[in-house]
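Asks: A predicted structure for the sequence below; I have some questions about it.
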Amino acid sequence: MKNALKTMDFRDVGGDQCRQFGFVMFTAACVYDWCYDLLTDSDRREIVAGVQHKVCEGENDRGAKMEVGFPPSGQGAISGHGTELQILRDYLSFAIAICDEYPGWWDFIGGRFYSEYVPVRREFYRAGLYPQGTSLYIQLRYTADLFAALLVRTAFGEIPYDEHDMMRVARSIYGYELPAGWAFASGDDHTTDKRFINLGLISLLSSHLFCDATARAQLEYFKSRAGASYST
């Protein structure tokens, strides 16, 4: 992990680089937490410094960094890239992993999560729907919500939403699939061939979080439809 942070090179990465940088942060959080007893104090300091300087502040070969900034106060909690994995998986997982040694990270990121993101999603979920289409955005943004729910429940024992309302979202999405794998367009939909997208990761997380047999059955369906290797 330390070597990756020192040598990471995203010069050939186009598009939304925050997603690649975010995965580095998420991986660093896993290493910091799961391997905690195997790391020295120096190892931990190097990981935190590497993430902050290379991922958050953009001190790397391209000057690219997380779009929400550092501290992560940028972008919004209702729509846009701020509602994807940057805050809801990457920053949140890293803040939880390092909170004992660096409580300021959790104070800021956890504070923003509970004050901005949670109230919006509680309102969304009352309808059992996600308002940003049934193509790419639902795949990214509801997945991010599920990651946040999993992280917070694992760390603190409780999902900050009405679980039944949140569970209904995945079930509502399944209802947009038409015969022969076509998709009924809804909201901000930009699938070019109108095929129903693969919701494997959403189904996996939903089935685990809510012990939902319907989501589990859908996971098996998506696996069989796409073969042994399928896109998330």
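Replies: Received the coordinates, thanks.

Asks: For V68, what is the enclosing helix or strand?
Replies: Assigned by DSSP states H and E, V68 falls within no helix or strand.

Asks: neighbours around the closest residue to it other than its chain neighbours, how many?
Replies: With sequence-adjacent residues excluded and distances taken as C-beta to C-beta, 6 or more residues apart in numbering, V68 is closest to G74, at 4.5 Å. Placement of C-beta: from N, CA and C, glycine included. Using other C-beta atoms under 10 Å, G74 is surrounded by 15 other residues.

Asks: do E177 as well
Replies: Neighbours of E177 using other C-beta under 10 Å come to 18.

Asks: gap between it and R225?
Replies: 10 Å (C-beta to C-beta, to the nearest Å).

Asks: Ok, V120 next?
Replies: Counting by C-beta to C-beta, the gap from V120 to R225 is 32 Å.

Asks: elements contacting the longest helix that the chain contains?
Replies: Taking DSSP state H as the criterion, the chain has its longest helix at helix 136-156. Under the contact definition 3 or more C-beta pairs under 8 Å, 6 or more residues apart in numbering; DSSP states H and E, helix 136-156 sits against helix 85, helix 92-97, helix 163-174, helix 200-210.

Asks: That one vs helix 200-210, what angle?
Replies: Computed with axes from the mean of the first three to the mean of the last three C-alpha atoms, to 10 degrees, the direction of helix 136-156 lies at 30 degrees from that of helix 200-210.

Asks: I'd like to check what contacts helix 136-156. Which residues are they?
Replies: 83-85, 87-89, 92-93, 96, 113, 117, 121, 130, 132, 158-161, 166, 169-170, 173, 187-188, 190-191, 197-199, 201-202, 205-206, 208-209, 232 (C-beta atoms under 8 Å, 6 or more residues apart in numbering).

Asks: List only buried entries from the residues you listed.
Replies: By neighbour count, with 16 or more other C-beta atoms under 10 Å, the contacts of helix 136-156 hold 83-85, 87-89, 92-93, 96, 113, 117, 121, 130, 132, 159-161, 166, 169-170, 173, 197-199, 201-202, 205-206, 209 as buried.

Asks: Name the spans of this structure whose pLDDT lies under the cut-off.
Replies: 11-15, 59-64, 135, 181, 187-196, 226-232 (pLDDT under 70).

Asks: Apply 90 and report the result again.
Replies: For the chain, the stretches flagged by pLDDT under 90 are 6-23, 53-67, 69-70, 74-84, 124, 127-141, 170-200, 218-219, 221-232.

Asks: Show me it divided up by domain.
Replies: As assigned by automatic domain parsing, the chain contains the domains 1-126, 127-232.

Asks: what's the distance between E116 and G110?
Replies: From E116 to G110 the distance is 11 Å (C-beta to C-beta).

Asks: can you check G80 too?
Replies: Distance from G80 to G110, by C-beta to C-beta: 21 Å.

Asks: nearest residue to L129 other than its sequence neighbours?
Replies: S172 is the one closest to L129 (C-beta to C-beta, 6+ apart), at 5.2 Å.

Asks: before we move on, what about F23?
Replies: Using C-beta to C-beta, 6+ apart, the closest residue to F23 is D90 (7.4 Å).

Asks: May I have the phi/psi pair for the one you found?
Replies: Backbone torsions for D90, taken as degrees, to the nearest 10, come to phi -70, psi -60.

Asks: repeat for G50
Replies: phi -60, psi -40.

Asks: what about it, how many neighbours?
Replies: G50 has 21 nearby residues by other C-beta under 10 Å.
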